[in-house]
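>>> Got a sequence here, can you build the structure:
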Amino acid sequence: MSFTEVDFNSVLLHAWKGELDFGQLLNCAEQLQTHSLAPLAAVLYQTWLRRNQTPYNHLVCFNLGTVLFNEGDLSGAKDVYIQAIQMAPAFAQPHFNLGLTYERMGQADAAITEWRWIDDNIPPNHSEHRSLLLLALNNLGRLLEANKQYASALDYLTKSLAIKPLQPDVLHHWVFLRERLCAWPVYASLPGIKPELMRQSTSALAMLSLSDDPEAQLSAARNFVKNKINSNVPTLASPKAYGHKKIRIAYCSSDFCLHPVAMLTAELFELHDRENFEIYGYCWTQQGHSPLRQRIIDAMDHFERIDTISDREAAELIRRHEIDILVDLQGQTLGARANLLAYRPAPIQITYLGLPATTGLPSIDYVIADRFLIPEEYADYYSEKPLYMPDVYQVSDRQRQNAPIPSRESCNLPPQGFVFCSFNNNYKYTPEIFDRWMNILRRAPDSVLWLLADNPWAEINLRNEAKTRGIDPERLIFASRASPDQYLARFAVADLFLDTFPFNAGTTANDALWMGLPVLTRSGRSFASRMAGALLTAADLSELVTDNMHDYEDKAVALAQAPDQCLRIKEHLQHVRSNGVLFDTPRFVQNLEQHFKHLIDELNPDQTSRR
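Prediction:
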């Protein structure tokens with residue numbers, strides 16, 4: 001029998017007899033946990049609680065709850081945290097931990113209730129519990145944001161920043177929440193926070209709507225890498241290709257679900273040449289099932305769930321599968337696992353579609369682009385080397401289906417008049433582009449602007465912004481989110497899509513053009529500001545690509561005053577849909593595969609290509 005077993009039996013007997021005081025209990029439990037014997041620490045705490053009644057029992061319950069939580073016994077942890085609170089109602093720590101437990105159990109509302117108790121009962125100037133209050137406020141902001149309660153999330157994060165201004169991670173979310181709410185200016189003044197810190201804390205995704213400067217976006221990406229990525233990890237893959245008969249291509253994402261990236265790429269996976277390529281999918285999607293998700297699973301030769309394993313374990317799995325080229329579809333967007341890529345599990349790693357900007361990740365070698373999207377003079381602002389597609393960077397799905405075209409009345413649109421629309425996410429709207437939209441409505445008096453009802457707070461703010469600019473708020477009409485087929489059908493009702501700047505429409509512009517709706521864009525210098533222009537260039541519609549706001553506004557008004565021009569463009573788009581390169585998915589896949597073959601040949605220049 002080992003020393004620890006003898007020691008434990010003796011300690012447990014003392015606890016049973018009431019001969020182990022509180023200090024000795026804590027010391028013994030700590031030693032057990034140090035020796036990786038946490039379950040025995042739980043048994044010790046449970047025995048002590050049954051046999052001892054002291055003023056410290058609520059603390060022992062709390063400690064027991066922590067052990068059970070760490071061991072995955074969430075139900076047990078919940079019960080003893082509640083017991084600790086019943087013993088000492090003013091004891092704040094178990095409220096916080098109980099919130100974490102409820103969240104892990106999928107009970108978000110119960111978690112929010114516990115953290116709100118801390119906010120309601122701990123004053124901001126309480127030095128002893130200040131850090132606990134900040135944790136509660138920040139968790140409230142995080143969980144409420146995840147549950148799309150954006151206004152409340154912003155309120156809690158603002159309160160947190162008022163207590164402790166220098167919190168870059170909190171600022172990161174605060175900025176993006178203001179974008180989501182169309183709360184302008186986004187960089188509002190906060191006590192104790194310099195504008196430079198606010199800019200430095202802006203995420204790469206949030207920066208896309210705030211700046212057209214590719215250098216600023218590269219800086220934001222590098223800040224993320226510096227603060228969030230563990231670069232001190234081993235490289236798993238050999239710098240050589242594996243020499244399999246078929247090149248092994250893997251796509252990894254958390255968006256293999258009803259997500260814009262999945263909606264674009266489904267047919268790409270289906271059309272890969274199986275004589276020369278073997279296709280893997282690595283997925284950590286949390287959403288439920290859908291026909292699109294099943295279609296993607298069916299399109300993969302191998303589909304692996306990696307949501308329950310660590311980044312290192314996932315990287316080692318990819319390495320064991322001897323993947324030649326790993327294509328990350330996530331970038332730095334929500335749910336990304338950039339630390340997985342840091343292990344470099346494949347000799348070639350590529351970013352595509354997920355983040356319309358540079359990732360700044362040293363582990364990413366290439367970005368799939370076209371020469372309009374990333375002009376060569378801007379390539380130095382990308383940490384990745386562009387892989388230039390000959391026609392267009394964006395793949396399309398020709399299998400998407402639309403519902404029957406709805407009536408204007410069913411869409412709450414007026415029976416007559418020109419309909420501008422912009423179904424982009426509201427965080428892409430900026431005061432500058434909104435100024436132009438209101439000017440357009442002013443100059444085209446019989447028109448309306450049809451927008452996405454992304455969240456109720458943005459809708460209220462946008463109506464107020466319209467009123468401030470002298471435009472009747474009723475001329476802004478909001479469309480609720482709909483199923484993919486119904487969403488597609490709406491485009492056929494509008495007359496002209498007004499793109500956002502500096503964060504263009506991507507999948508949304510593709511969908512609009514697929515449905516024959518002209519898209520008017522303003523292109524700039526950054527990836528995000530050139531997406532719609534790249535699509536329009538491939539569609540031979542450069543006339544709808546402007547490079548300044550004045551021309552953008554004038555072109556919109558001119559088209560509204562000459563609806564026959566929009567009809568001509570719609571007829572052209574019908575030809576593009578059936579005969580143009582924009583939606584020629586087989587051509588796109590063949591061109592992409594040529595890139596993949598070339599990259600493999602470059603890795604193994606001493607071997608003659610068999611393909």
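>>> residue boundaries of the helices in the stretch 301-450 of the chain?
Taking DSSP state H, counting those that start in this stretch as the test, the helices found in the stretch 301-450 of the chain are 311-320, 338-342, 431-443.
>>> what does the stretch 101-250 of the chain give?
Counting by DSSP H, counting those that start in this stretch, the helices of the stretch 101-250 of the chain are 108-121, 130-146, 150-163, 168-180, 195-200, 204-207, 214-228.
>>> Just list what the longest helix seen in the chain packs against, helices and strands only.
Using DSSP state H to assign secondary structure, the helix with the most residues in the chain is helix 585-603. Helices and strands touching helix 585-603, by 3 or more Cβ pairs under 8 Å, 6 or more residues apart in numbering; DSSP states H and E, are strand 247-253, helix 260-271, strand 325-328, strand 348-351, strand 366-369. The way it works is simple: take the backbone N, C-alpha and C, and place the C-beta from them, glycine included.
>>> Pull the distance from that helix to the chain's centre.
28 Å (Cα atoms, centre = their mean, to the nearest Å).
>>> buried sites along that helix?
Under the neighbour-count criterion of 16 or more other Cβ atoms under 10 Å, helix 585-603 has 585, 588-589, 591-593, 595-597, 599-600, 603 buried.
>>> Out of those residues, which comes closest to Ala369?
Among these, His595 lies closest to Ala369 (Cβ to Cβ), at 11.0 Å.
>>> contacting residues around the closest one?
With contact set as Cβ atoms under 8 Å, 6 or more residues apart in numbering, His595 has these partners: 368, 387, 389.
>>> Now tabulate these in CSV and tack on pLDDT, neighbour count and distance to Leu452.
Converted to CSV, those look like this (pLDDT from 0 to 100; neighbours: other Cβ atoms under 10 Å; distance: Cβ to Cβ, whole Å):
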residue, pLDDT, neighbour count, distance to Leu452
Ile368, 98, 21, 27
Leu387, 98, 21, 32
Met389, 98, 22, 29
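>>> hmm, back to that, dump the helices of the stretch 101-250 of the chain into CSV; add mean neighbour count and mean pLDDT as well.
Formatted as CSV, those follow (neighbours: other Cβ atoms under 10 Å; pLDDT from 0 to 100):
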stretch, mean neighbour count, mean pLDDT
helix 108-121, 17, 97
helix 130-146, 20, 96
helix 150-163, 20, 97
helix 168-180, 22, 95
helix 195-200, 14, 90
helix 204-207, 25, 88
helix 214-228, 19, 88
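>>> Nearest to Ser253, out of those helices?
Using Cβ to Cβ, those put helix 204-207 closest to Ser253, at 15.3 Å.
>>> what does stretch 287-301 contact?
Residues outside stretch 287-301 that contact it (Cβ under 8 Å, 6+ apart): 251, 256-259, 262-263, 265-266, 269-270, 274, 278-281, 285, 303, 484.
>>> again, 6 Å this time
If you take Cβ atoms under 6 Å, 6 or more residues apart in numbering as the criterion, stretch 287-301 is touched by 256-258, 262, 266, 269-270, 278-279, 281, 303.
>>> which pair in these spans the largest distance?
The span of the contacts of stretch 287-301, defined through Cβ to Cβ, is set by Leu258 and Glu278 at 26.7 Å.
>>> Between those two, which has more neighbouring residues?
The residue with more neighbours, out of Leu258 and Glu278, is Glu278; 19 against 16, by other Cβ atoms under 10 Å.
>>> got the buried residues for stretch 26-41?
Using 16+ other Cβ under 10 Å as the burial criterion, the residues of stretch 26-41 that qualify are 28-29, 32-33, 37-38, 40-41.
>>> need those in CSV with secondary structure, distance to Thr202 and pLDDT, can you?
Output for these, formatted as CSV (DSSP: H, G, I helix; E, B strand; the rest coil; distance: Cβ to Cβ, whole Å; pLDDT from 0 to 100):
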residue, secondary structure, distance to Thr202, pLDDT
Cys28, helix, 49, 89
Ala29, helix, 44, 89
Leu32, helix, 45, 88
Gln33, helix, 40, 88
Leu37, coil, 45, 89
Ala38, helix, 40, 90
Leu40, helix, 48, 91
Ala41, helix, 43, 91
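>>> between these, which is nearest Asn402?
Nearest to Asn402 among the buried residues of stretch 26-41, with distances taken as Cβ to Cβ, is Ala38, at 55.7 Å.
>>> In contact with that closest one, which residues?
Ala38 touches 67, 71, counting by Cβ under 6 Å, 6+ apart.
>>> For it, give its distance to Leu49.
17 Å (Cβ to Cβ, to the nearest Å).
>>> Now do the strands in the stretch 501-611 of the chain.
For the stretch 501-611 of the chain, the strands defined by DSSP state E, counting those that start in this stretch occupy 519-522, 545-546.
>>> any idea which of the ones you listed is most buried?
Ranked by mean neighbour count under mean count of other Cβ atoms under 10 Å, these are led by strand 519-522, which reaches a mean of 27.
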